[in-house]
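Asker: The following block contains a protein sequence and its predicted model.
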Amino acid sequence: MTLSRLRVRDFRCFEQLDWEPGPRWTLISGENASGKTSLLEAIFFMGRGRSFRTARAERIIRMGQTGFELVGDIQADRAHRLGVRREKRKARWRLDGADLNRMTEIVSLFPVLSIDTSAQSMVEGGPEYRRRFLDWGLFHVEPSFLSAWRRYRQALSQRNGALRTGAKEAFLKTWDEAVASHGEALDHFRRAQVQRLNGCFSEMVQLGLGVGQASLEYQAGWRQDASLSDLLSENHENERKMGHTLYGPHRAELVLRVDGVPARERVSRGQQKMLAACLLLAGAQVFESERGRGVVALVDDLPSELDNFHAERLARLLGRLRGQCFITGIERGRLSGLAPSDSRLFHVEQGQLHPAD
Ligand SMILES: Nc1ncnc2c1ncn2[C@@H]1O[C@H](COP(=O)(O)OP(=O)(O)OP(=O)(O)O)[C@@H](O)[C@H]1O
């Protein structure tokens, strides 16, 4: 699957853009504040319906304008045209000329992964980043995951409501059962995904960092010497005081370990960037082997914080993926030195993009 053409209007610093990136690697060089990250953000938005930089989509609209527009030509099983017009309060998505109401269709058509400055949160951030990563992968490889996830979220929200409003015990018990059964299903899916990821991740870390034995450990979000159902029914009093459910997959954690020690206690900042990249790339590799097609990988400022040795290793890992890859960097020479010779090179300057190869 490739993005063969991207048209952009009023997105961040870009007034108008009509761009045909390369089929494999596309390199984008430019000074600080020239618009490199914004280009990756536009591609990410096409695939996820959100930015990796801000939760407030209105911030992305070019200053002084009322909305932005993105139109992408996507070559997948066949050619598709995906478009979005985003205004301050509403968004309209179109696929092949018809309105789209669910993001799931888009996410499934255009799988995109971003290794940007916030990707480091995969190592140093809270567990929600890693849960989201696991769930992104599961959405793509496990057909019944989405409905299990939705059922769990719904049961959890009803149970939390019941806890907060002082609902009767009998009523709360019905939600205990729903949270426990959907929670167990979600747990089962997540464990299977961690198993798929584990081998790829440890191989990636071996190749990328060349240190230690890396592994992933999934912690379910409740004590394993008790069933979720028992924990929920035995803790009403405590949970009523807290006003929310204290056990279940919404509290799960994915622990990254190097030589058995939690990674964030063990590795340097540069290594954290590599480790986060390895985890994301392991996710891409699992996607490829399960779905038989590639993802679009976005790498913002690849060389920053990495010495030549590690930047080259990261580039080599990216080279193992079969999908399209978009990489930004400030210095054109350093960027093209890391990439295959058939990469397409572009230079961005004050919201203008020019071919540079
Ligand atoms: N909503 C907006 N409207 C207009 N311009 C914007 C908007 N949001 C951000 N900008 C500007 O867009 C420019 C490009 O920002 P971007 O983060 O894409 O640059 P970059 O090339 O990735 O920079 P760096 O190398 O420093 O990370 C910046 O000057 C920024 O101030």
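Answerer: Yes, it's here.
Asker: quick one, what contacts the residue in the stretch 151-300 of the chain that the ligand sits nearest to?
Answerer: Proximity of the stretch 151-300 of the chain to the ligand (CB to the nearest ligand atom) peaks at residue 300, 6.9 Å away. All C-beta atoms are positioned from the backbone trio N, CA, C, and that covers glycine. Residues near residue 300 by CB atoms under 8 Å, 6 or more residues apart in numbering: 36, 37, 40, 114, 115, 116, 117, 328.
Asker: Would you list the buried entries among these?
Answerer: The neighbour-count test (16 or more other CB atoms under 10 Å) marks 36, 37, 40, 114, 115, 116, 328 as buried among the contacts of residue 300.
Asker: which of these has the weakest pLDDT?
Answerer: When the buried ones among the contacts of residue 300 are compared by pLDDT, residue 116 scores lowest at 84.
Asker: Check the spacing between the nearest residue to that one once chain neighbours are set aside and residue 182 real quick.
Answerer: Of all residues beyond its chain neighbours, the one nearest residue 116 is residue 300 (4.0 Å), with distances taken as CB to CB, 6 or more residues apart in numbering. From residue 300 across to residue 182, the span is 36 Å (CB to CB, to the nearest Å).
Asker: buried stuff in the lowest-mean-pLDDT helix or strand in the chain?
Answerer: Ranked by mean pLDDT, DSSP states H and E, the weakest helix or strand in the chain is helix 103-109, scoring a mean of 86. Neighbour counts over helix 103-109 (16+ other CB under 10 Å) mark 106, 107, 109 as buried.
Asker: ok, and which of the buried ones among the contacts of residue 300 reach the ligand?
Answerer: Filtering the buried ones among the contacts of residue 300 for proximity to the ligand by CB under 6 Å from any ligand atom leaves 36, 37.
Asker: In helices, which of the buried ones among the contacts of residue 300 appear?
Answerer: In helices, defined here by DSSP state H, the members of the buried ones among the contacts of residue 300 are 36, 37, 40.
Asker: Now distance to residue 351 too, for those residues, in CSV please.
Answerer: Shown next, in CSV, are these (distance: CB to CB, whole Å):
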residue, distance to residue 351
36, 11
37, 13
40, 15
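Asker: How is the protein divided into domains?
Answerer: 1-110+339-357, 118-271 (automatic domain parsing).
Asker: show me where pLDDT drops low in the chain?
Answerer: For the chain, applying pLDDT under 70 flags no range at all.
Asker: Tell me the residues of it that contact the ligand?
Answerer: Counting by CB under 6 Å from any ligand atom, the chain sits next to the ligand at 12-13, 30, 32-38, 59-63, 330.
Asker: Among those residues, which pair sits farthest apart?
Answerer: Pairwise distances among those were taken by CB to CB; the largest, 26.0 Å, belongs to 61 and 330.
Asker: and the least confident helix or strand of the chain, what other elements does it pack with?
Answerer: Other helices and strands packing on helix 103-109, by 3 or more CB pairs under 8 Å, 6 or more residues apart in numbering; DSSP states H and E, are helix 36-48, strand 79-87, strand 91-95, helix 127-141.
Asker: and with 10 Å instead?
Answerer: Taking 3 or more CB pairs under 10 Å, 6 or more residues apart in numbering; DSSP states H and E as contact, the helices and strands that helix 103-109 lies on are helix 36-48, strand 79-87, strand 91-95, helix 127-141, helix 145-164.
Asker: now the first one, how far from the chain's geometric center?
Answerer: Relative to its parent chain, helix 36-48 has a centroid offset of 12 Å by CA atoms, centre = their mean, to the nearest Å.
Asker: The fourth one too?
Answerer: Once both centres are worked out by CA atoms, centre = their mean, helix 127-141 turns out to sit 8 Å from its chain's centre.
Asker: May I see the buried residues of that helix?
Answerer: 129, 130, 131, 133, 134, 135, 136, 137, 138, 139, 140, 141.
Asker: wait, what's in contact with residue 128?
Answerer: When contacts are counted by CB atoms under 10 Å, 6 or more residues apart in numbering, residue 128 touches 121, 250, 252, 253.
Asker: Most neighbours among these, please name it.
Answerer: Sorting the contacts of residue 128 by how many neighbours each has (other CB atoms under 10 Å) puts residue 252 first, at 22 neighbours.
Asker: CSV for the buried ones among the contacts of residue 300, including distance to residue 100?
Answerer: Shown next, in CSV, are the buried ones among the contacts of residue 300 (distance: CB to CB, whole Å):
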residue, distance to residue 100
36, 29
37, 26
40, 23
114, 22
115, 27
116, 26
328, 29
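Asker: Tell me the one among the buried ones among the contacts of residue 300 nearest to residue 282.
Answerer: Checking the buried ones among the contacts of residue 300 against residue 282 by CB to CB gives residue 115 as the nearest, at 12.1 Å.
Asker: looking at it, the closest one is touching residue 281, isn't it?
Answerer: Yes. Using CB atoms under 10 Å, residue 115 is in contact with residue 281, at 7.9 Å.
Asker: Give me the common contacts of the two.
Answerer: 297, 299, 314, 318.
Asker: Next step: those residues restricted to strands.
Answerer: Within those, residues falling in strands by DSSP state E are 297, 299.
Asker: For residue 111, which residues are in contact?
Answerer: 1, 47-48, 76, 136-137, 139-140, 283-284, 287-288, 291, 293-297, 323.
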